[in-house]
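K.L.:
Here is my input, please return the structure:
(4 chains)
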2 protein chains.
Amino acid sequence: MSVERSTIEHVASAAGVSVATVSRALRGLPNVAVSTRSRVEEVAKELNYRADPAASRLAAGRSRTIAIVVPMINSWYFSNVVAGAEAVCAEVGYDLLILTAPDAEARRKVVTTAAVLDRRVDGLIFVEVALPPGELVELGRHRLGVVTVGQETVAFPSVRVDNVAVGETAVCHLVELGHLRIGVVGAQAEEPACFDVPGQRIVGAERALASVGQPLDRDLVVNGEFTVDGGHQAARQLLTGTRPPTAIFALSDEMAFGALVAARQLGVDVPGRLSVIGVDDHDVADVMGLTTVRQRVTEHGALAARALLHHLSGEGHPVEHAVGSIELVVRGTTRAVP
Amino acid sequence: MSVERSTIEHVASAAGVSVATVSRALRGLPNVAVSTRSRVEEVAKELNYRADPAASRLAAGRSRTIAIVVPMINSWYFSNVVAGAEAVCAEVGYDLLILTAPDAEARRKVVTTAAVLDRRVDGLIFVEVALPPGELVELGRHRLGVVTVGQETVAFPSVRVDNVAVGETAVCHLVELGHLRIGVVGAQAEEPACFDVPGQRIVGAERALASVGQPLDRDLVVNGEFTVDGGHQAARQLLTGTRPPTAIFALSDEMAFGALVAARQLGVDVPGRLSVIGVDDHDVADVMGLTTVRQRVTEHGALAARALLHHLSGEGHPVEHAVGSIELVVRGTTRAVP
DNA sequence: CTGAAAGCGCTAACAG
DNA sequence: CTGTTAGCGCTTTCAG
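P.N.:
Numbers count the residues shown, from 1 in each chain, chains lettered A, B, ... in the order given. Predicted coordinates for the structure are as follows:
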């Protein structure tokens, strides 16, 4: 009835060799005669044999499993990063565990119980979770591989974008269209001490404005929580103010979507009376005709996974920091100021 | 330098008992003196001891890991189902593995290599992946726990919604508003033989229409691929036809969003000249003011995980089929026909 | 209530 | 190139 599991011993005896040889043959290790290897492989296939991961983990000390730590998984950004990592893992036969760390406490728990993870996974990918110095040290104690996405540290490889450049690209575009009074729909950094995506994008915005001798009006920077709804509220606030901006730079496409809805509800024509630009190139941006600064989110996840796997298999590679490309995608929501 | 791992033996000797007792004490098994148990627990905490999952898996035969199989993970629906499952797993200390099976081939691979999973995970949650009878049998051969989300089978517990009721609820609402010429932005079922979400929702739509003696015009049923862009295209087609509908039932909110964009681009006022209703209650539905039929997606994932864990721990429970609640949420995109 | 001992299935020296 | 032999760290009878 129930399918029989074949062990390495079954394969060994069926192929007339020792278990050690089976192990070597099946893992592609050297020092196995070609004929032996092919025979073993054949028998293994026939018996539908697969090494028990737990047993091999226990014996070898590696689990062929990595974990990805995200603040949440049901958001466009994070689910895409995870998708990228998943694809790479699937490709090379690694398992991908999902860990959510919505707040500092949860993150700390992940780090401090890394002792557990140490046994359970070979490595960790932290996505946009700010690791304070103390926790970095803590992580370093284990022989876990670590890669960060978003934050760049000296200790571990990372994948990120240049967020100052993101802000600069976006606002340069607006400035070139003649906009000077620019609202920003942004967000608060959770742990400003570590890394601060919204802050850096705003720095970029300021820089772009500075190039035409214009300061960024801080009253025009409103928190949009990185959600559609938050962007909606923020834009509403901006547009109903005494001197509304002629353009809005939303720090994410989802906030930009909210801004577009707000503009429509308030009867503010886009791009006639208001230009809107976002960041991400969310799937929906195309349909909505949203001008945006594209970042290749899925690719970030894939790069991180690859870096981690590389680190795990290879020997003493230097800590590398990948900086993903960004790209201005002009669609219909931005136009020259009248 | 590197953190030392403590094994069960360390704990045993430090507590002055045998490893067997430590094992029992820490897992809450009976037949351990209260004093012994508390002493062991204390020592374990002090030594920061955790059982090596691989070792305990090997010895006990269970991995405290489950896998969730989704067609893709970077979509609102699936990432929310995963989020629900993840929360439950985190709560009880189970690990959650993500497996993507975008097509029949990939799905088949998951099933046929269930032999692998059999060793690696204790159970599987299949989300909206149609399992043909042959593969169901195949899965039954293993001693894996299986729960399906979306599809209901005789073999395994499931979580789903009544999709006929979904369609009926949506279209009833439209009919009550006086709409009779209703367009449907739907999708093709991948494997019509197994279960067919779009098909069932359309059956529900027909039933609602039938209650007022109206047939569903098949020419008004267009494929929207379950994406925003697909919904956009489909709605465009519908609205530029010779006799455009007065209302559109989109089988998902994301397709409804696309429809709203299409309407706006074509200058069709919503809800003035066109009513639109979706399904899901996507986060963005609220901001967009979209009328929809809500289903509790995250809850589905949680329920499935709970059912699976229950099945894994408990003994011989009957196969249960949960049917999630649905709810009409009326917002601004539907209105009585003029 | 507790301990001793036999594995779980595989990998990794170490010999041959 | 291949076989032998220790374990990896834990769970689980089976005795006491």
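
K.L.:
and the gap between the residue lying closest to residue A:297 once chain neighbours are set aside and residue B:46?
P.N.:
Among residues not flanking residue A:297 along the chain, residue A:80 sits closest, at 4.3 Å (Cβ to Cβ, 6 or more residues apart in numbering or on different chains). Just so you know, the C-beta spots here come from the backbone N, C-alpha and C atoms, and that holds for glycine as well. Going from residue A:80 to residue B:46 by Cβ to Cβ, to the nearest Å gives 42 Å.

K.L.:
Which one's more surrounded, the two?
P.N.:
residue A:80 (23 against 12; other Cβ atoms under 10 Å in any protein chain shown).

K.L.:
Then that one would be within a helix, right?
P.N.:
Yes: counting by DSSP: H, G, I helix; E, B strand; the rest coil, one finds residue A:80 located in a helix.

K.L.:
got a list of what it touches?
P.N.:
Counting by Cβ atoms under 8 Å, 6 or more residues apart in numbering or on different chains, residue A:80 touches A:297, A:298, A:301, B:74.

K.L.:
residue ranges for the strands of chain A, please.
P.N.:
A:65-70, A:95-100, A:123-127, A:145-149, A:158-161, A:182-186, A:221-223, A:247-250, A:275-280, A:291-295, A:321-324, A:326-329 (DSSP state E).

K.L.:
okay if I get the ones you listed as CSV plus distance to chain B and mean pLDDT?
P.N.:
Listed next are the strands of chain A as CSV, based on distance: least, Cβ to the nearest Cβ, whole Å; pLDDT from 0 to 100:
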stretch, distance to chain B, mean pLDDT
strand A:65-70, 8, 94
strand A:95-100, 5, 93
strand A:123-127, 13, 94
strand A:145-149, 14, 94
strand A:158-161, 17, 96
strand A:182-186, 13, 95
strand A:221-223, 16, 96
strand A:247-250, 13, 98
strand A:275-280, 13, 98
strand A:291-295, 14, 98
strand A:321-324, 17, 95
strand A:326-329, 15, 98
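
K.L.:
would a markdown table of those with mean neighbour count be doable?
P.N.:
A markdown table is the format used below for the strands of chain A (neighbours: other Cβ atoms under 10 Å in any protein chain shown):
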| stretch | mean neighbour count |
| --- | --- |
| strand A:65-70 | 26 |
| strand A:95-100 | 24 |
| strand A:123-127 | 26 |
| strand A:145-149 | 26 |
| strand A:158-161 | 24 |
| strand A:182-186 | 28 |
| strand A:221-223 | 20 |
| strand A:247-250 | 31 |
| strand A:275-280 | 28 |
| strand A:291-295 | 24 |
| strand A:321-324 | 15 |
| strand A:326-329 | 16 |
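
K.L.:
who wins for proximity to residue B:176 among the ones you listed?
P.N.:
strand A:275-280 (36.7 Å; Cβ to Cβ).

K.L.:
Specify the angle between that closest one and strand A:291-295 in degrees.
P.N.:
Compare the direction of strand A:275-280 with that of strand A:291-295 by axes from the mean of the first three to the mean of the last three Cα atoms, to 10 degrees and you get 10 degrees.

K.L.:
Which elements pack onto strand A:275-280?
P.N.:
If you count contacts as 3 or more Cβ pairs under 8 Å, 6 or more residues apart in numbering or on different chains; DSSP states H and E, strand A:275-280 packs onto helix A:163-176, strand A:247-250, helix A:253-265, strand A:291-295.

K.L.:
which one is residue A:92 nearest to, not counting chain neighbours?
P.N.:
Nearest to residue A:92 is residue A:309, by Cβ to Cβ, 6+ apart, at 6.2 Å.

K.L.:
Isn't that neighbour up against residue A:94?
P.N.:
Yes: contact criterion Cβ atoms under 8 Å: residue A:309 and residue A:94 qualify, at 6.7 Å.

K.L.:
Which of the contacts of residue A:80 has the largest number of neighbours?
P.N.:
Neighbour-wise, the contacts of residue A:80 (other Cβ under 10 Å) top out at residue A:301, 30 neighbours.

K.L.:
how far away is it from residue B:98?
P.N.:
12 Å.

K.L.:
shared neighbours of the two, which are they?
P.N.:
A:82, A:86.

K.L.:
Pull the number of nearby residues for the residue of the stretch 151-300 of chain A found nearest DNA strand D.
P.N.:
Going by Cβ to the nearest atom of the strand, DNA strand D is nearest to residue A:156 of the stretch 151-300 of chain A, at 24.8 Å. Neighbours of residue A:156 under the rule other Cβ under 10 Å: 26.

K.L.:
For the nearest residue to it once chain neighbours are set aside, which residues are in contact?
P.N.:
With Cβ to Cβ, 6+ apart as the criterion, residue A:156 has its nearest non-adjacent residue at 4.3 Å, and that residue is residue A:146. Taking Cβ under 8 Å, 6+ apart, we find residue A:146 in contact with A:123, A:124, A:125, A:126, A:139, A:155, A:156, A:157, A:308.

K.L.:
which residues does residue A:146 bridge with?
P.N.:
residue A:124 (DSSP bridges).

K.L.:
distance of it from residue A:140?
P.N.:
8 Å.

K.L.:
same thing with residue A:104?
P.N.:
For residue A:104, the distance to residue A:140 - Cβ to Cβ - is 19 Å.

K.L.:
next one: residue A:30
P.N.:
In terms of Cβ to Cβ, residue A:30 sits 33 Å off from residue A:140.

K.L.:
go on, residue A:32?
P.N.:
37 Å.

K.L.:
more crowded one of the two?
P.N.:
residue A:32 (19 against 15).

K.L.:
so where is chain A shaky, pLDDT-wise?
P.N.:
Scanning chain A for pLDDT under 70 picks out A:1-4, A:114-116, A:191-194, A:315-317.

K.L.:
Spatially central residue for chain A, please.
P.N.:
residue A:81 (3.9 Å; Cα atoms, centre = their mean).

K.L.:
Look up the closest residue to that residue, ignoring the ones flanking it.
P.N.:
Residue A:81 sits nearest to residue A:301 (Cβ to Cβ, 6+ apart), 3.8 Å away.

K.L.:
hang on, residue A:77 packs against residue A:295?
P.N.:
No: using Cβ under 8 Å, residue A:77 is not in contact with residue A:295; the gap is 9.3 Å.

K.L.:
which neighbours do residue A:309 and residue A:94 share?
P.N.:
A:66, A:88.

K.L.:
picking up where we left off before, reformat the strands of chain A as CSV; add distance to residue A:89.
P.N.:
Formatted as CSV, those follow (distance: least, Cβ to Cβ, whole Å):
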stretch, distance to residue A:89
strand A:65-70, 7
strand A:95-100, 4
strand A:123-127, 10
strand A:145-149, 13
strand A:158-161, 15
strand A:182-186, 33
strand A:221-223, 35
strand A:247-250, 32
strand A:275-280, 23
strand A:291-295, 21
strand A:321-324, 18
strand A:326-329, 26
